[in-house]
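Engineer: everything below, folded, please.
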Amino acid sequence: MKKSISLALSSLAIGLGSGVLAAQDHLPILQYHHVGEKTPFSTSVTPAQFQEHMDYLDDAGFQVIDLAKALSDIKQGIALPEKSVAITFDDAYLNIYQSGFPILKEKGFPFTIFINTQPVRQKNKNFLSWDNMREMQRSGASFANHTDSHPYMLRLVKKETPEEWQKRMRKEIDYVESRLIAELGESPNMLAYPYGESNAWLRQYLKQIDMIGFGQQSGVVNKDSDFSNLPRFPASGAYAKLGGLKTKLASLPMPLVSFQNGGDFAGKEAVSLDLEFKAGKYRLKELACYVSGQGQAKLEWSSATKVKVVAEQAFKYGRGRINCTMPSTKSGQYHWFSNVWIRAKAKQGYLN
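Structural biologist: Below you'll find the predicted structure:
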């Protein structure tokens with residue numbers, strides 16, 4: 001049974017007095033990379049696993065919708081169909097076309113691929129061609145920006161000034177936009193940061209050019225989200241098990257007024273995260289936060305709605321995160337929030 005939804009249905013809303021009650025006011029977004037048997041485990045689902053995921057979405061009545069249209073509706077306060085979800089891939093891998101696309105096409109599911117254009121331009125045999133993309137586009141695929149060369153965007157090249165770095169980053173982004181329009185006739189104005197890494201300047205640049213950005217932190221999108229750094233749920237590697245996927249698909253946004261993370265970078269000291277919750281009937285006493293590689297974080301409540309989430313130790317070099325979940329008042333659902341920091345080695349040349 002096909003669960004593809006016409007774009008008209010994404011404006012569904014239920015009138016309630018003088019207000020509007022959304023069928024769904026939030027969106028979980030799944031993130032994939034490879035669909036293959038012999039590709040890196042951490043970024044891969046096998047074709048069998050991907051079939052299992054898509055069959056579950058189909059059988060359980062999920063409404064797979066176009067990402068760009070869904071985000072536009074959320075920003076405008078337009079309701080999404082109940083059980084809406086969006087599917088994305090990062091990188092222009094050929095195995096998406098070979099092993100993922102046939103399944104998506106049979107289901108009638110729209111999806112978005114964030115492409116890096118350098119290997120496409122070089123006609124790398126392991127990456128998509130523009131002809132592949134045009135074929136997928138005719139069956140509901142959209143293609144968005146993942147930079148040209150897939151760099152660590154916050155790393156300076158040798159002797160590069162911050163001004164030169166900004167120019168290079170604009171070129172990385174702008175070039176892909178020009179190729180999408182030239183080859184496919186359109187761009188959804190969306191960028192997935194390679195490795196999920198961004199900083200304040202990049203996020204502000206995306207806002208200036210009216211582009212939506214995506215990181216690699218977990219969570220659910222709603223109108224309160226930062227549209228220059230939206231979350232997605234990884235669905236590959238260790239996160240490919242169907243049980244975990246079911247929990248993420250049922251997740252809700254964390255009801256936050258604000259959060260403070262101390263910046264994008266971690267150092268020699270343990271990180272902390274300040275969360276302020278909205279007033280309402282929430283199970284705040286059941287909030288639990290976990291630090292990657294360390295276990296459960298310490299929670300220091302300063303008021304009924306404000307808490308400091310504290311890691312026990314400094315992160316190791318690389319990217320570290322804190323994931324927070326809280327049971328919803330509705331059984332079987334969890335509010336979800338995640339933040340990622342970078343702990344960089346001096347020799348890596350990260351921009352300060």
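Engineer: so how far does stretch 151-164 reach from one end to the other?
Structural biologist: The straight-line separation of the ends of stretch 151-164 (Cα to Cα, to the nearest Å) is 15 Å.
Engineer: if you could redo that for stretch 261-278, that was the one I meant.
Structural biologist: Chord length of stretch 261-278, first to last residue, is 18 Å (Cα to Cα).
Engineer: isn't there a strand covering Glu177?
Structural biologist: No. In this structure, Glu177 is helix, not part of a strand, as judged by DSSP: H, G, I helix; E, B strand; the rest coil.
Engineer: contact partners for it?
Structural biologist: Glu177 sits next to 145, 187, 189 when contact means Cβ atoms under 8 Å, 6 or more residues apart in numbering. Just so you know, the C-beta spots here come from the backbone N, C-alpha and C atoms, and that holds for glycine as well.
Engineer: for the first one, name its beta-bridge partners.
Structural biologist: By that I understand Asn145. Ile115, Leu191 (DSSP bridges).
Engineer: hang on, the earlier thing: of the contacts of Glu177, buried ones?
Structural biologist: 145, 187 (16 or more other Cβ atoms under 10 Å).
Engineer: does Glu183 sit in a helix, a strand or a coil?
Structural biologist: Assigned by three-state DSSP, the conformation of Glu183 is helix.
Engineer: what's the closest non-adjacent residue to it?
Structural biologist: For Glu183, ignoring the flanking residues on the chain, the nearest one in space by Cβ to Cβ, 6 or more residues apart in numbering is Trp130 at 4.6 Å.
Engineer: which pLDDT does the model give the residue most central in space within the chain?
Structural biologist: Nearest to the mean C-alpha position of the chain, counting by Cα atoms, centre = their mean, stands Arg232 at 2.7 Å. Looking at Arg232, its pLDDT is 98.
Engineer: can you verify my assumption that it contacts Phe214?
Structural biologist: Yes. The pair Arg232 / Phe214 is scored as a contact, 6.0 Å apart, by Cβ atoms under 8 Å.
Engineer: overlap of the contact sets of the two?
Structural biologist: Residues within reach of Arg232 and of Phe214 at once, by Cβ under 8 Å, 6+ apart, are 29, 88.
Engineer: what's around Val309, how many residues?
Structural biologist: Neighbourhood size, Val309 [other Cβ atoms under 10 Å]: 24.
Engineer: pLDDT below threshold where in the chain?
Structural biologist: By pLDDT under 70, the low-scoring segments of the chain are 1-22.
Engineer: the same query, at a cut-off of 80, please.
Structural biologist: Across the chain, the ranges flagged by pLDDT under 80 are 1-22, 331, 352.
Engineer: which one is Leu273 nearest to, not counting chain neighbours?
Structural biologist: Val309 (4.2 Å).
Engineer: distance of the one you found from Pro231?
Structural biologist: According to Cβ to Cβ, to the nearest Å, Val309 and Pro231 sit 17 Å apart.
Engineer: follow-up on the earlier one: contact partners for the residue nearest to Leu273?
Structural biologist: Applying Cβ under 8 Å, 6+ apart to Val309 gives the contacts 272-275, 289, 297-299, 322, 324.
Engineer: picking up where we left off before, quick one: contacts for the residue nearest to the centre of the chain?
Structural biologist: Taking Cβ under 8 Å, 6+ apart, we find Arg232 in contact with 29-31, 88, 214-216, 218.
Engineer: in strands only, show me the residues you listed.
Structural biologist: Using DSSP state E, the members of the contacts of Arg232 that fall in strands are 29-31, 88, 214.
Engineer: so where do the strands sit in the stretch 1-150 of the chain?
Structural biologist: 14-16, 19-21, 26-32, 34-35, 44-45, 63-64, 84-90, 111-115, 141-145 (DSSP state E, counting those that start in this stretch).
Engineer: for Lys347, which of those is the nearest?
Structural biologist: Within the strands of the stretch 1-150 of the chain, the stretch nearest Lys347 is strand 84-90; the backing value is 26.3 Å (Cβ to Cβ).
Engineer: and Glu160, how many residues sit next to it?
Structural biologist: For Glu160, the count of nearby residues is 15 (other Cβ under 10 Å).
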